[in-house]
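Undergrad: A structural model of the following input is requested.
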Amino acid sequence: PYSISNLTVETGGKLWTTNAATNIYLGIYGTTLKCDGTIGDGNNFDGISFNLEGANILISGIGTLDCSRVRKNTVVPNGTTNVTIAINMNIRFQSGSTTQIYNNTGAASYFNVTVNSGVTVNLVGTSGTGNLAIDGITGAIAGNAGGAYVVNGTINMNGILYLTTNNTANPCSVTINNGGLIRCNSIAAPASGAVGMHAFTINTGGRIEVQGTPTAWTTPSTLNNTYTL
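TA: Numbers count the residues shown, from 1 in each chain. This is a model prediction of the structure:
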């Protein structure tokens, strides 16, 4: 991986890896990931990925942003990373776990992601791939990797929405606000680690669409999970 403070790709500029086999991570430790040009290689899978490690990071711009993964990967220097997504973007990792946004620290930490109103984030993949989790790739990483996803815009994914964690501290939550939408293939919500550790909330005017191939929502556990619809 490569570590930088802030990243700006200016109009007419392009940043990509020409790597279709391995994820190449850029660690962002400042406040800015701005794309006015092009990041990634369009519809061609490209391994460029981002470890978001700054305390507060804005992903913005007027360009085209395609990448392979977006995650938090370390607690140094910040145990909490707050990310605001203010640009339409495509995330298209299609091998291994296929989980594309998550907290990967394996330690006590928070990864908080807000998708702004009017913004669309596509987790691109063949049917059944392109997953979203908080606590590791399936909600079960070692340590207490917590976080909160707040969706005011749209997240489209062909894979699994994981509403679970094995945490005994540092809770996880997914909230869809008025005007927000998550469109997924299925929901996985097995029991979480301790009381109140995972919450799923759809507020008035929010929506979730579950395509259900082959099963829309396996039996949702209420053991340490809460659901407010």
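
Undergrad: From now on I want contacts and neighbour counts done on CA atoms only, so please keep to that.
TA: OK.

Undergrad: In contact with the spatially most central residue of the chain, which residues are there?
TA: For the chain, the residue nearest the mean C-alpha position is Ile101 (2.6 Å; CA atoms, centre = their mean). Contacts of Ile101 were listed using CA atoms under 8 Å, 6 or more residues apart in numbering, and they are 69-71, 131-134.

Undergrad: can you put those in JSON lines and add pLDDT?
TA: Shown next, in JSON lines, are those (pLDDT from 0 to 100):
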{"residue": "Arg69", "pLDDT": "93"}
{"residue": "Val70", "pLDDT": "97"}
{"residue": "Arg71", "pLDDT": "97"}
{"residue": "Asn131", "pLDDT": "92"}
{"residue": "Leu132", "pLDDT": "95"}
{"residue": "Ala133", "pLDDT": "97"}
{"residue": "Ile134", "pLDDT": "98"}
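
Undergrad: so which of these is the most crowded?
TA: Ile134 (35 neighbours; other CA atoms under 10 Å).

Undergrad: so what's it up against?
TA: Neighbours of Ile134 in contact, by CA under 8 Å, 6+ apart: 101-103, 111, 145-148, 162, 165, 172.

Undergrad: mind running it again at 6 Å?
TA: By CA atoms under 6 Å, 6 or more residues apart in numbering, the contact set of Ile134 is 102-103.

Undergrad: State the distance from it to Lys34.
TA: Counting by CA to CA, to the nearest Å, the separation of Ile134 from Lys34 is 24 Å.

Undergrad: end-to-end on stretch 176-194?
TA: Using CA to CA, first and last residues of stretch 176-194 are 23 Å apart.

Undergrad: circling back: kindly state the beta-bridge partners for the residue nearest to the centre of the chain.
TA: Val70, Leu132 (DSSP bridges).

Undergrad: With Asn51 instead?
TA: Gly27, Arg71.

Undergrad: so what pLDDT did Glu209 get?
TA: pLDDT for Glu209: 95.

Undergrad: Surely Asn19 touches Gly47?
TA: Yes: taking contacts as CA atoms under 6 Å, Asn19 lies within contact range of Gly47: 5.3 Å.

Undergrad: of the two, who's got more company?
TA: Neighbours around Asn19 and Gly47, counted as other CA under 10 Å, are more numerous at Gly47. The numbers are 24 against 15.

Undergrad: Okay, that one and Asn170: tell me how far apart.
TA: To Asn170, Gly47 is 30 Å away according to CA to CA.
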